[in-house]
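# here is the input, now give the coordinates:
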Amino acid sequence: MQAIASSTALKTLTAFEACGNGVDDDAAQLIANSPTFSNLIRLDLSWNEIGMIGGYALATSPTLNNLVSLKIEKNYIEQDLESILGTRYPADIYRSSLRL
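Next up is the predicted model:
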């Protein structure tokens with residue numbers, strides 16, 4: 001993930017899908033803070049290993065301001081943080097559910 005997050009060749013990327021690819025808190029933090037992802041309008045991180053730290057990074061990201069779709073279903077993000085994410089990314093673009 002570090003190589004992707006630091007790539008200057010991908011700065012025009014508008015969609016990124018990493019479903020079930022083992023994205024964890026560290027990788028979510030890289031995505032949330034990388035200028036490479038500043039043009040994303042669609043981000044799908046469903047079915048990964050993202051917990052509270054990675055979820056908080058996504059919720060407070062300085063670069064993910066253009067998202068119109070954020071999917072993080074089936075990760076390990078608790079209810080309180082889901083509320084914060086829901087505030088940052090309105091319900092029509094944000095979808096999540098806890099992994100059972």
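
# can you get me a residue count around Leu10?
Leu10 has 15 neighbouring residues, counting by other Cβ atoms under 10 Å. To be clear about C-beta, it is placed using only N, CA and C from the backbone, and glycine gets the same treatment.

# was I right about it contacting Thr36?
Yes: contact criterion Cβ atoms under 8 Å: Leu10 and Thr36 qualify, at 5.2 Å.

# could you name every residue contacting both of the two?
Ile4 (Cβ atoms under 8 Å, 6 or more residues apart in numbering).

# any weak-confidence spans in the chain?
Counting by pLDDT under 70, the chain has low-confidence residues at 82, 86, 90-100.

# can you give me the helices in it?
2-5, 25-33, 52-59, 79-88 (DSSP state H).

# so can I have CSV of those helices showing distance to Ile72 and mean neighbour count?
Output for the helices of the chain, formatted as CSV (distance: least, Cβ to Cβ, whole Å; neighbours: other Cβ atoms under 10 Å):
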stretch, distance to Ile72, mean neighbour count
helix 2-5, 17, 13
helix 25-33, 9, 21
helix 52-59, 7, 21
helix 79-88, 8, 14
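
# need those helices in JSON lines with distance to Phe16, can you?
Compiled in JSON lines, the helices of the chain are given as follows (distance: least, Cβ to Cβ, whole Å):
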{"stretch": "helix 2-5", "distance to Phe16": "8"}
{"stretch": "helix 25-33", "distance to Phe16": "8"}
{"stretch": "helix 52-59", "distance to Phe16": "12"}
{"stretch": "helix 79-88", "distance to Phe16": "17"}
